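# Predicted model, plus sequence, below.
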Amino acid sequence: MEPALRPGDWLLVWRSMRACQPPRIRPGQIVIAMHPAQPGMLLVKRARREQAGWWLASDNPEAGAVDSRRFGPVPDALIVGRVLFRYWRPRR
């Protein structure tokens, strides 16, 4: 699968208005989440709902990406927002 995002892409993200509650997410949407073991690190991953939380998957797992295959499902509180769309920086 080709990655949906490329280096240099900018993202417009919808954040929840309530603390510790993720925005409405449908399976397959791209989300921004906090890394469970490294609180200062943000992840951009495709989400799927599991019983234990959100399963965060990479579009290109062969590239050595860090996702739920390494740290398992993440709780709702770690989901920061849902990506609405991507755009590119205008060239000068």
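Thanks, I have the structure now.

# got the contact list for stretch 34-45?
Identification of contacts with stretch 34-45 by CB atoms under 8 Å, 6 or more residues apart in numbering yields 5, 11, 30-33, 56-58, 66-68, 71-72, 74, 78, 80, 83. Any C-beta I mention is one placed from the backbone N, CA and C, and that applies to glycine too.

# 10 Å instead, please
4-5, 9, 11, 13, 30-33, 53-59, 65-68, 70-75, 77-81, 83, 86 (CB atoms under 10 Å, 6 or more residues apart in numbering).

# repeat for stretch 65-80
So stretch 65-80 is contacted by 3, 13, 15-16, 19-23, 25, 31-39, 41-59, 61 (CB under 10 Å, 6+ apart).

# and those residues, which are buried?
Burial by neighbour count, 16 or more other CB atoms under 10 Å: within these this picks out 16, 22-23, 25, 31-36, 43-48, 53-59.

# so how far does stretch 52-70 reach from one end to the other?
By CA to CA, to the nearest Å, the extent of stretch 52-70 from end to end equals 15 Å.

# all strands for the chain, in order.
In the chain, the segments counted as strands under DSSP state E are 10-15, 30-34, 42-50, 53-57, 79-87.

# Counting neighbours, show which residues of the last one come out buried.
Residues Ile79, Val80, Gly81, Arg82, Val83 are the ones in strand 79-87 that count as buried (16+ other CB under 10 Å).

# May I have the beta-bridge partners of the last one?
What that stands for is Val83. Val13 (DSSP bridges).

# Also the first one?
Beta-bridge pairing of Ile79, defined through DSSP bridges, involves Ala33.

# Tell me how far it lies from Arg6.
23 Å (CB to CB, to the nearest Å).

# any chance of the buried residues of strand 79-87 in CSV, plus pLDDT and distance to Pro90?
Output for the buried residues of strand 79-87, formatted as CSV (pLDDT from 0 to 100; distance: CB to CB, whole Å):
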residue, pLDDT, distance to Pro90
Ile79, 90, 30
Val80, 89, 26
Gly81, 91, 23
Arg82, 93, 25
Val83, 92, 20
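
# residues touching Arg15, list them.
Contacts of Arg15 (CB under 10 Å, 6+ apart): Pro22, Pro23, Ile32, Ile79, Val80, Gly81, Arg82.

# That concludes my questions; thank you for your assistance.
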